[in-house]
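In: What would the 3D arrangement of this be:
(2 chains)
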Amino acid sequence: MITLDDVSLTYPDGAHRVTAVDHVSMTGRAGVVTGITGPSGSGKSSILALAATLIRPDSGHVWIGDVDTAQLDRRDAADLRRERIGIVFQQSNLLPSLTAREQLQVMAELGGTHHRERRHLVRGRVDDLLEAIGLQDQARKRPAQLSGGQRQRIAIARALVHEPDVLLVDEPTSALDQERGAEIMDLIARLTHERGTATLLVTHDLIHREALDELVTVVDGRIVDAEAVVHDVVGTGRAPHDHRSDRPDHAEVGGTS
Amino acid sequence: MFVAWRDLRFARGRFALIASVVALITLLVGFLAGLTGGLASQNISVVLALPGDKIVLQHPVQGPVSFSDSTIDAATVTTWRAAAGVTSVVRLGITQGRAVSDGQPVAVALFGVRHGAEQTSLTRLAPAHDDEVGLSTGAADQLGVHDGDQVSIAGRTYTVTAVGGDLWYSHTPAVAMSPSAWSIADKALGGTGQATALAVDGSPDWDAVAAATHTTASTHLRSLTALDTFKSEIGSLGLMIAMLFGVSALVVGAFFTVWTMQRSGDIAVLKALGATTRSLVRDALGQASIVLIAGIGTGLLIVVGLSALAPSSLPFLLSPLTTLAPAAVMALLGLAGAAFALRSVTHADPLTALGSNR
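Out: Residues are numbered from 1 along each chain as shown, chains lettered A, B, ... in the order given. Take a look at the predicted model:
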């Protein structure tokens, strides 16, 4: 689980500071895809950066499990990302020199050579994940030999191969057509539910909102709306509901199971 | 090194190119160092084979001390011999002339040195009689003579009684003569016939005796600076080697700077995924080390191979000092150049990976 507790963030802008995140509180729960949407410049990517420990808040706390990441120095934050956070970028951001399989294996190598056990565990999961994303037969190909959708699938598998508690996804469909985008969103939702990952997903449009379990809307750095997404597709086993939060500035909405 | 190895494999053309450049620079440095060593050996090897703890040379009226201008008179010899702590003084005559055998003149360096003096590769050649000479192997080869043959020097004929030692002085092979024979030859060649230098053993107050006699006493190595040709030769060749070292560091540094800057997006992604700066730095330096080892190793192999094919007349010295030492310096300077590129690694901001459009 990941919790942002009264988090604020400002950026310098000349002699002034611009508020990017304004006293935001929200929770991403295990096994739930929480969408974060809003207009450009609303602060949704800043929220993701805070959740990813890539930036420290001016005030408030970001909890991943029982760790307050706002108190971590850079090295400890990197350790936390390596151990407990998976990130899927807007572009796939795969390393051009690595094959699809190596893109996943690299996650076992980021801490240097003193993590043999971790290396063994991660490498053991690579084949399972490649199969889960349907790309086992593409394992030896490099990014340039893969389509955009395939690259993004590999990026998702890379983010999950070390079995993180939290999956952070930044606009995963922005470079894909609608059909490939739907596949990617479905994949993220399926893997989140299967693996019990707390997933925060930033998206600027809601074409694929069916893949989300919860949705918070951010405007001018504040959460203005939080809702559970209605899944009314017959046979999904998910009950249709729409619980608008009484406290839009603390987005802790009802479950969707 | 996980990503570093795969980068090497992926961009093998680029890395092969920079390794080739390093190999070429190593080849140049290796050849220049070997040539410098060979030329230096042909310049000074006999000086290093002179007897004595220190070499005494006369101060000229003006200018720096040099072997070519030094003349030791009898009074100076007497003063050094009488100095407290001196155990041995050997007069050394040094001049250059020609030796002739079968009408073939060969430029040689004539050394007058007493037979039975402290054993060095030069004094072992020193003849017992005035009508004898000892030849270094270079002199014997060039004259085409052996033990028992006759050679003519400054109008007199001598019998060769010893051949041996790779002894050279100012690019001419050494010939050892008795002090009196040398004095006669020096006079015939326009000299004074007086000793050029003294080889002094013992532990006197070197500075005090030197000041009293207006001489300098220096170790064999330091006395090399009194060889004019050695100074100018080693200076210019050393400068070329130093410039090549600089070029090497610059080329390697520039390559890895550009390479790392090109990879700054990947580095930001790796950091965002949790890579430590230390592991990224280790990868970058490891990558540079592999390129340097491959390039320098190839260059050294070519140097060794070509030196084996080089004609014996080429003054080329193949030794650890002329191969491994410059190779080690190149590796260190190359790594220093690569270290400049690390700024891109340590300063890469993982935040840029979010929202990046690569």
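
In: Identify the residues contacting the residue in the stretch 51-200 of chain B positioned nearest to chain A.
Out: Taking Cβ to the nearest Cβ as the measure, the point where the stretch 51-200 of chain B comes nearest chain A is B:Asp166, at 50.0 Å. Where C-beta positions appear, they are placed from N, C-alpha and C, glycine not excepted. Counting by Cβ atoms under 8 Å, 6 or more residues apart in numbering or on different chains, B:Asp166 makes contact with B:Ser41, B:Ser45, B:Ser121, B:Ser136, B:Thr137, B:Gly138.

In: Also B:Trp206?
Out: By Cβ under 8 Å, 6+ apart, the contact list for B:Trp206 reads B:Lys54, B:Ala217.

In: mind redoing it with 6 Å?
Out: Applying Cβ atoms under 6 Å, 6 or more residues apart in numbering or on different chains, one finds that B:Trp206 lies in contact with B:Ala217.

In: Could you check how far it is from B:Gly305?
Out: 47 Å (Cβ to Cβ, to the nearest Å).

In: hang on, the earlier thing: could you dump the contacts of B:Asp166 into TSV with neighbour count, pLDDT and secondary structure added?
Out: Formatted as TSV, those follow (neighbours: other Cβ atoms under 10 Å in any protein chain shown; pLDDT from 0 to 100; DSSP: H, G, I helix; E, B strand; the rest coil):
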residue	neighbour count	pLDDT	secondary structure
B:Ser41	20	80	helix
B:Ser45	21	88	helix
B:Ser121	18	89	coil
B:Ser136	30	95	coil
B:Thr137	14	94	helix
B:Gly138	22	92	helix
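
In: which residues of chain A fall in strands?
Out: Secondary structure of chain A (DSSP state E): strands at A:2-13, A:16-28, A:33-37, A:59-64, A:67-68, A:85-88, A:166-170, A:198-202, A:214-219, A:222-228, A:250-251.

In: ok, the residue in the stretch 201-350 of chain B that chain A sits nearest to - contacts?
Out: Residue nearest to chain A within the stretch 201-350 of chain B: B:Gly274 (2.7 Å; Cβ to the nearest Cβ). By Cβ under 6 Å, 6+ apart, the contact set of B:Gly274 is A:Ala78, A:Arg81, A:Arg82, A:Leu110.

In: now do 7 Å
Out: By Cβ atoms under 7 Å, 6 or more residues apart in numbering or on different chains, B:Gly274 lies in contact with A:Ala78, A:Asp79, A:Arg81, A:Arg82, A:Leu110.

In: Quick check: the gap between the closest residue to the fourth one other than its chain neighbours and B:Glu118.
Out: Same thing as A:Arg82. Spatial nearest neighbour of A:Arg82, excluding adjacent residues (Cβ to Cβ, 6 or more residues apart in numbering or on different chains): B:Gly274 at 2.7 Å. Per Cβ to Cβ, B:Gly274 is found 70 Å from B:Glu118.

In: how about the residue nearest to the spatial centre of chain B, what does it touch?
Out: Chain B has B:Gly37 as the residue nearest its centroid, 3.7 Å off, counting by Cα atoms, centre = their mean. Residues in contact with B:Gly37 (Cβ under 7 Å, 6+ apart) are B:Leu317, B:Ser319, B:Leu321, B:Thr322.

In: Confirm it sits in a helix?
Out: Yes. Counting by DSSP: H, G, I helix; E, B strand; the rest coil, B:Gly37 falls inside a helix.

In: what about it, distance to B:Gly238?
Out: The separation that B:Gly37 has from B:Gly238, given Cβ to Cβ, amounts to 11 Å.

In: Which residue would be the closest one in chain A to chain B?
Out: A:Arg82 (2.7 Å).

In: Would you mind confirming that B:Gly299 makes contact with B:Phe31?
Out: No. Checked against Cβ atoms under 7 Å, the pair B:Gly299 and B:Phe31 is beyond contact range at 9.6 Å.

In: Comparing those two, which shows the higher neighbour count?
Out: B:Gly299 (27 against 18; other Cβ atoms under 10 Å in any protein chain shown).

In: Now the spatially closest residue to the more buried one that is not a sequence neighbour: which helix or strand?
Out: Nearest residue to B:Gly299, sequence neighbours excluded (Cβ to Cβ, 6+ apart): B:Thr26, at 2.5 Å. Assigned by DSSP states H and E, B:Thr26 belongs to helix B:12-48.

In: for B:Trp168, which residues make a bridge with it?
Out: Beta-bridge pairing of B:Trp168 under DSSP bridges involves B:Pro173.

In: Isn't it up against B:Ser45?
Out: Yes. Counting by Cβ under 7 Å, a contact exists between B:Trp168 and B:Ser45, whose distance comes to 5.0 Å.

In: Please point out which parts of the lengthiest strand in chain B sit buried.
Out: Ranked by number of residues, the top strand in chain B under DSSP E is strand B:86-101. Along strand B:86-101, these residues count as buried under the neighbour rule (16 or more other Cβ atoms under 10 Å in any protein chain shown): B:Val86, B:Val89, B:Val90, B:Arg91, B:Leu92, B:Gly93, B:Ile94, B:Thr95, B:Gly97, B:Ala99, B:Val100, B:Ser101.

In: which one of those is nearest A:Arg222?
Out: B:Ile94 (94.3 Å; Cβ to Cβ).

In: does the residue of the stretch 51-200 of chain B closest to chain A sit in a helix, a strand or a coil?
Out: B:Asp166 - assigned by three-state DSSP - is coil.

In: Let me see the backbone angles for it.
Out: Main-chain torsions, B:Asp166, degrees, to the nearest 10: phi -90, psi 80.

In: Give me the pLDDT for it.
Out: What the model reports as pLDDT for B:Asp166 is 90.

In: again with B:Gly134
Out: Here, the pLDDT recorded for B:Gly134 equals 96.

In: now A:Val230
Out: So, for A:Val230, pLDDT stands at 59.

In: Any residues of the stretch 151-300 of chain B in contact with chain A? List them.
Out: B:Asp266, B:Val269, B:Leu270, B:Lys271, B:Ala272, B:Leu273, B:Gly274, B:Ala275, B:Thr276, B:Arg278, B:Ser279, B:Arg282 (Cβ under 7 Å from any Cβ of the partner chain).

In: one more time with 6 Å
Out: B:Asp266, B:Val269, B:Ala272, B:Gly274, B:Ala275, B:Thr276, B:Ser279 (Cβ under 6 Å from any Cβ of the partner chain).

In: Perfect, that will be all.
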